[in-house]
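1. This is a predicted model, with the sequence first.
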Amino acid sequence: MSGVSRRHFLSLTGSAAVAAMSGSAHGAMGPNDKFDLVIKGGDVLDPSQSLKGKRDIGIRWGMIEAVENEIPAARAAKTIDASGKLVTPGLIDLHSHVYPYGSAIGIPADELVQAQATTTVVSAGDAGVNNLAALRRYIVAQSRARIYAFVHIANNGLSGFPVAELYNIDYAQVDACAMALAENPDFLLGVKVRMSENVIARHGLEPLKRGIKACEMCGWPAKMMVHIGGVETKELMSEILDLMRPGDVLTHAYSGAPNIGGVFTNIVQDGKLLPAALAAKRRGVMFDVGHGGGSFDFTVAEVALPAGCTPDTISSDIHVFSGNSPGMPYLPNVMSKFITLGLTLEQVVAAATSTPAKIINRAPKIGTLQIGAPGDVAILDLVEAQTSFVDTRNNKREGKLLLKPVQTVINGVPFGRPYQAPFAVR
């Protein structure tokens, strides 16, 4: 095995094992060597490299080997013709629910690939300590799409949905959560907590405090993902923001959901952005969209964005219920809504590639098309047509650009069969 021990070889998978047998995947290509796959003629947009323009992408042994103006057809074992299409790094969905069978709302990550062009997804608190091992063993290990996760501060995660997991605060076990983080630093990103009144009742800041304590106890810099939307009081929203640390993620940042009493208690109150929201943004709290079936309101975003709280990441909060809601929170569609709100194409692509890659500590390995990165590529159609977009409170806005997924490549392998013309692999 050319100096590679059997034990080491068995610890590798896919292209890594091939590289171990054959030498470095970055070895110089000989004049007669072929790329395993060439994506030809697409309009490449890679914010991680400030790269924009027509390029061919050559993939060998599962990794990006070349990004060039033109790669001769004779150098390609297989080709995807992406002429006239937008080509980006594979999309990263920072907030999704991809734990079927173990969570009440999960969708298999691989079933989302062709609908979202996602090559990496993050499970946002589907699992707590009690069902985390099954998520890792039976879901993550068998998925072609990469899956990382925030573990829920509640031991039962979202398995009891729609019954609220934190009406009983005793489910929030700090020591157990910290132990799970300590044992899974390669897979977990931190702790998820849902801070809506209909989830935590009258427990105030206590669930968030417990999540932060678990992060601080685990031995590595774990992050919080904090769900908002209809928190108990107006004052509590500012207190939540004040407690969040640089690098923590505020998800459903533009929620317009009211609390149980019908009061609007999120980052925009009485038509104005909370000072605590802007302060949190300025000290490095990451603002995530998390659209979902009830957590995105155009009227909130239209106040927050010009006031300085633009999204760092655009995510779907896709699950079995939200996927069938009028807002259609599939990731490219959510990205399109933010183009309608005034973000550039480059900004929305960055918010679904290079920025989430940094948040999950996987940059520059994913969320990029740089040489040596995994061969994760999204091919999208940028449709110029009048399109009506709907938020989760039935507000409508008209847009002129719509992103639609066409083909997704994961680790150099086109996802889904059969391939449909004109994107046939030949």
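-> Received the coordinates, thanks. These figures come from a predicted structure and were not determined experimentally.

2. From residue 409, how far off is the closest residue in space to residue 318 that isn't next to it in sequence?
-> Spatial nearest neighbour of residue 318, chain neighbours left out: residue 96 (5.2 Å); criterion: C-beta to C-beta, 6 or more residues apart in numbering. Where you see a C-beta, it was placed from the backbone N, CA and C, and this is true even at glycine. Noted for residue 96: a distance of 19 Å to residue 409, by C-beta to C-beta, to the nearest Å.

3. more neighbours, these two?
-> residue 96 (31 against 25; other C-beta atoms under 10 Å).

4. which helix is the longest one in this protein?
-> Among the segments of the chain that qualify as a helix by DSSP state H, the longest is helix 206-217.

5. which residues does the residue nearest to residue 318 form a beta bridge with?
-> residue 123, residue 318 (DSSP bridges).

6. Identify the residue nearest the geometric centre of the protein.
-> In the chain, the residue lying closest to the centroid (C-alpha atoms, centre = their mean) is residue 93, at 1.7 Å.

7. Whichever strand or helix holds that residue: what's the following helix or strand?
-> Using DSSP states H and E, residue 93 sits in strand 91-96. Note on strand 91-96: by DSSP H and E, the next helix or strand toward the C-terminus is helix 109-116.

8. Name the residues that touch that next one?
-> By C-beta atoms under 8 Å, 6 or more residues apart in numbering, the surrounding residues in contact with helix 109-116 are 91, 93, 96, 98, 118-119, 121, 139, 143-145, 147, 316, 318, 330-332, 405, 408, 410, 415-416.

9. quick check, residue 149 in a strand?
-> Yes - under DSSP: H, G, I helix; E, B strand; the rest coil, residue 149 falls within a strand.

10. and the gap between the residue lying closest to it once chain neighbours are set aside and residue 287?
-> Of all residues not flanking residue 149 in the chain, residue 123 sits nearest, at 4.0 Å (C-beta to C-beta, 6+ apart). Separation of residue 123 from residue 287 (C-beta to C-beta) stands at 20 Å.

11. The two: which has the busier surroundings?
-> The neighbour comparison of residue 123 against residue 287 (other C-beta under 10 Å) goes to residue 123, with 32 against 22.

12. Might you report the residue contacts of that one?
-> Going by C-beta under 8 Å, 6+ apart, residue 123 touches 96, 97, 98, 99, 106, 135, 147, 148, 149, 150.

13. repeat for residue 287
-> Counting by C-beta under 8 Å, 6+ apart, residue 287 touches 250, 253, 281, 309, 310, 311, 312, 313.

14. Skipping adjacent residues, who's closest to it in space?
-> Residue 287 sits nearest to residue 253 (C-beta to C-beta, 6+ apart), 4.3 Å away.

15. contacting residues for the one you found?
-> Residue 253 is in contact with 228, 267, 287, 288, 289, 290, 304, 309, 311, counting by C-beta under 8 Å, 6+ apart.

16. Relative to residue 362, which of those residues is nearest.
-> For these, the residue nearest residue 362 by C-beta to C-beta is residue 288; the value is 16.1 Å.

17. measure that closest one to residue 156 for me?
-> 24 Å.

18. Those two: which is more packed in?
-> Taking neighbours as other C-beta under 10 Å, residue 288 and residue 156 compare with residue 288 leading, 29 against 19.

19. Who is that one paired with across the strands?
-> Counting by DSSP bridges, the residues bridging with residue 288 are residue 313.

20. what is the nearest residue to residue 303 once chain neighbours are set aside paired to in the beta sheet?
-> Excluding the flanking residues, the one nearest residue 303 by C-beta to C-beta, 6+ apart is residue 268, at 4.7 Å. Beta bridges link residue 268 to residue 273 when assigned by DSSP bridges.

21. Surely residue 268 is in contact with residue 306?
-> No - applying C-beta atoms under 8 Å, one finds residue 268 not in contact with residue 306, separated by 11.5 Å.

22. More neighbours: these two, which one.
-> Counted by other C-beta under 10 Å, residue 268 and residue 306 do not tie: residue 268 has more neighbours, with 23 against 12.

23. And the more buried one, how close does it get to residue 68?
-> With the distance defined as C-beta to C-beta, residue 268 ends up 46 Å from residue 68.

24. give the contact list for residue 415.
-> Residues near residue 415 by C-beta under 8 Å, 6+ apart: 110, 113, 114, 144, 407, 408, 409.

25. helix or strand right after the host helix or strand of residue 182?
-> In this structure, residue 182 sits in helix 174-183 according to DSSP H and E. Using DSSP H and E, the helix or strand that follows helix 174-183 in sequence is strand 188-194.

26. could you give the mean pLDDT of that next one?
-> For strand 188-194, mean pLDDT rounds to 98.

27. What lies in contact with it?
-> With contact meaning C-beta under 8 Å, 6+ apart, strand 188-194 is reached by 122, 124-125, 148-153, 165-166, 177, 180-181, 200, 207-208, 210-212, 214-215, 222-227, 248, 359-361.

28. immediately after that strand, which helix or strand?
-> Using DSSP H and E, the helix or strand that directly follows strand 188-194 along the chain is helix 197-200.

29. Could the C-alpha coordinates of that next one be exported in CSV?
-> Output of helix 197-200 as CSV, limited to C-alpha atoms (Å, rounded to 0.1, in the frame of the first residue of the first chain):
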residue,chain,number,x,y,z
GLU,A,197,-42.1,32.0,24.7
ASN,A,198,-44.0,29.1,23.3
VAL,A,199,-40.9,26.9,23.9
ILE,A,200,-39.4,28.1,27.2
